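Visitor: Generate coordinates for the sequence data below:
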Amino acid sequence: MTGKALIIDDDEAVRFVVRQALIDDGWTVVELDDGSEAEPSFAANAFDLVVLDLYMPGMNGFEVLRRLRRYKALTAPAWKTRADVPVLVVSGEAQEGGLSFAQRVGANACLSKPFDVSELQRTARELFQVGRRRVLAAPPRARPGGSKKETS
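Guide: Numbering: from 1, shown residues only. Here you go, the predicted structure:
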């Protein structure tokens, strides 16, 4: 695995477990303990996966997810947007349908805490592969400044 993952969770112990699971599976990992730090991190990085807690102080995971899905800054390749990044919600709160609501507002998959590490790894790999297939299948967009073709 050569993907880059962003973990956003206010619980240090959970971040540690997720980080180790992803690193053991070959991921590069960036961690945030606050949802309000997500947008600057997205502006500076192209992530292949976001692992997101829903219930955090400050900006909660629902708001992070909503903002992420609206984020339109371009990454390479030029026709893939950061808004397309697969999001895996990992949350301890399944109350009032929080996980199903997260999927309705843009989460690609959800796991309840406590979770099985191998299930986390498998789900992350599946989301990475789905994301790669979507990127590879996407039609190229017209490039600004003309229709020059690049050759290698």
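
Visitor: Find the helix or strand that the residue nearest to the spatial centre of the chain is a member of.
Guide: With distances taken as C-alpha atoms, centre = their mean, the residue of the chain nearest its centroid is V50 (2.0 Å). Here V50 sits within strand 49-52, counting by DSSP states H and E.

Visitor: Return that strand as CSV; C-alpha atoms alone will do.
Guide: Extracted C-alpha coordinates of strand 49-52, given in CSV (Å, rounded to 0.1, in the frame of the first residue of the first chain):
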residue,chain,number,x,y,z
LEU,A,49,-8.2,8.2,2.7
VAL,A,50,-9.6,10.1,5.7
VAL,A,51,-10.4,8.2,8.9
LEU,A,52,-12.7,10.4,10.9
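
Visitor: Contacts made by it with the rest, please.
Guide: Applying C-beta atoms under 8 Å, 6 or more residues apart in numbering, the external contacts of strand 49-52 come out as 3-9, 18, 22, 27, 61, 64-65, 68, 85-90, 107, 120, 124, 127-128, 131. All C-beta spots, glycine's among them, are computed from the backbone N, C-alpha and C.

Visitor: In helices, which of these fall?
Guide: In this view, those that belong to helices under DSSP state H are V18, L22, G61, V64, L65, L68, L120, A124, L127, F128, G131.

Visitor: low-confidence ranges in this structure?
Guide: The model of the chain has pLDDT under 70 over residues 1, 72-83, 93-96, 132-152.

Visitor: one more time with 90, if that's ok
Guide: Residues of the chain meeting the criterion pLDDT under 90: 1-2, 38-46, 55, 57-58, 66-85, 91-106, 112-114, 129-152.

Visitor: Near the residue nearest to K4 when sequence neighbours are not counted, how many other residues are there?
Guide: In space, K4 comes closest to T28 once its chain neighbours are excluded; the distance is 4.6 Å by C-beta to C-beta, 6 or more residues apart in numbering. By other C-beta atoms under 10 Å, the residues close to T28 number 14.
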